[in-house]
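S.K.: Provided below are the primary sequence and the corresponding predicted coordinates.
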Amino acid sequence: MTSIKLLLQRQSTPLLTTPAPNHHHLEQILAAGMRVPDHACLQPWHFTVVTDNGLQRLSDLLVQSSDSESANLTKIAKMPFRAPMIIVVSTEFVHHEKVPKQEQLIAAGCGTHAMQMAAVALGYGAMWRTGELAYNAKVKQGLAIKEHDEIVGFLYIGTPGKEQVLKTPKSFENKVNYWQ
Ligand SMILES: Cc1cc2nc3c(=O)[nH]c(=O)nc-3n(C[C@H](O)[C@H](O)[C@H](O)COP(=O)(O)O)c2cc1C
């Protein structure tokens with residue numbers, strides 16, 4: 001797949017199964033996440049790679065942290081098993097005179113996107129999710145994320161569970177103006 005096709009056909013893969021990226025592919029995905037625009041080279045992010053028994057640990061953490069009704073807890077418990085690998089992307093904000101937190105959050109978001117694209121380029125599928133538990137203090141604590149940092153996303157990665165229909169491209173006509 002050419003780079004431009006990868007970008008123009010980007011879409012999420014909600015249904016993911018095994019195999020997860022192998023060690024070499026995971027290293028490439030993480031390296032792509034590191035190679036993003038980053039004002040002052042602060043690297044204000046952290047990646048927690050969750051696989052195998054880690055999925056159960058994450059499931060337990062989500063359930064224990066949630067104050068949902070029990071019916072919903074069953075749904076929450078299953079969430080991490082939607083893919084064989086999850087990369088939890090969080091910020092590691094750095095105090096910097098010229099780089100506000102907003103820019104650091106964007107850089108961490110770029111990393112999430114880059115990892116999704118790298119996963120797809122390597123033949124996997126991926127989906128970026130958050131949900132209210134991404135903003136839950138106990139979840140952050142359980143993942144050793146500092147109180148003042150943010151979970152940017154849970155990047156679910158695996159092998160596409162079924163062949164995907166390519167979505168129709170979105171028009172940019174109403175989103176662009178030109179100064180000439
Ligand atoms: C920060 C962020 C958080 C997201 N959280 C969720 C989520 O919790 N659940 C969900 O279904 N989609 C979520 N999405 C959107 C999906 O990743 C996806 O982009 C969307 O379903 C549209 O599908 P597409 O990527 O194939 O265009 C999130 C996207 C971003 C950028």
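M.R.: Ah, there it is.

S.K.: the least confident helix or strand in the chain by mean pLDDT and the ligand in contact?
M.R.: Least confident element among the helices and strands of the chain, by mean pLDDT, DSSP states H and E: helix 70-78 (a mean of 91). No. Using CB under 6 Å from any ligand atom, no contact is recorded between helix 70-78 and the ligand, whose separation bottoms out at 12.4 Å. No exception for glycine: its C-beta is placed from N, CA and C like everyone else's.

S.K.: which strands or helices does that helix pack on?
M.R.: Other helices and strands packing on helix 70-78, by 3 or more CB pairs under 8 Å, 6 or more residues apart in numbering; DSSP states H and E, are helix 53-65.

S.K.: which elements pack onto the helix it packs on?
M.R.: Short answer (3+ CB pairs under 8 Å, 6+ apart): helix 53-65 packs on helix 70-78, strand 85-91, helix 137-142.

S.K.: after the shortest one, next one along is what?
M.R.: Right, helix 137-142. Per DSSP states H and E, the first helix or strand lying C-terminal to helix 137-142 is strand 151-160.

S.K.: now that next one - C-alpha only, CSV.
M.R.: Output of strand 151-160 as CSV, limited to C-alpha atoms (Å, rounded to 0.1, in the frame of the first residue of the first chain):
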residue,chain,number,x,y,z
ILE,A,151,-5.1,9.2,29.2
VAL,A,152,-5.1,10.2,25.5
GLY,A,153,-6.6,6.9,24.4
PHE,A,154,-6.8,3.2,24.5
LEU,A,155,-5.4,2.1,21.1
TYR,A,156,-6.8,-1.3,20.4
ILE,A,157,-4.7,-3.3,18.0
GLY,A,158,-5.0,-6.8,16.4
THR,A,159,-5.9,-8.6,13.3
PRO,A,160,-9.1,-7.5,11.5
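
S.K.: what packs against it?
M.R.: Using 3+ CB pairs under 8 Å, 6+ apart: strand 151-160 touches strand 16-17, strand 85-91, helix 101-121, strand 125-129.

S.K.: centroid residue for the protein?
M.R.: By CA atoms, centre = their mean, the mean C-alpha position of the chain lies nearest to L155, the distance being 2.7 Å.

S.K.: bridging residues for that residue?
M.R.: I87, W128 (DSSP bridges).

S.K.: that one: what's it in contact with?
M.R.: By CB atoms under 8 Å, 6 or more residues apart in numbering, L155 lies in contact with 86-89, 112, 115-116, 119, 126-129.

S.K.: now pLDDT, neighbour count and distance to E69 too, for these, in a markdown table please.
M.R.: Below are the contacts of L155 laid out as a markdown table (pLDDT from 0 to 100; neighbours: other CB atoms under 10 Å; distance: CB to CB, whole Å):
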| residue | pLDDT | neighbour count | distance to E69 |
| --- | --- | --- | --- |
| I86 | 99 | 28 | 24 |
| I87 | 99 | 27 | 29 |
| V88 | 99 | 22 | 25 |
| V89 | 99 | 24 | 29 |
| T112 | 99 | 22 | 30 |
| M115 | 98 | 27 | 33 |
| Q116 | 98 | 27 | 32 |
| A119 | 98 | 28 | 34 |
| A126 | 98 | 26 | 30 |
| M127 | 98 | 21 | 25 |
| W128 | 98 | 17 | 27 |
| R129 | 98 | 16 | 21 |
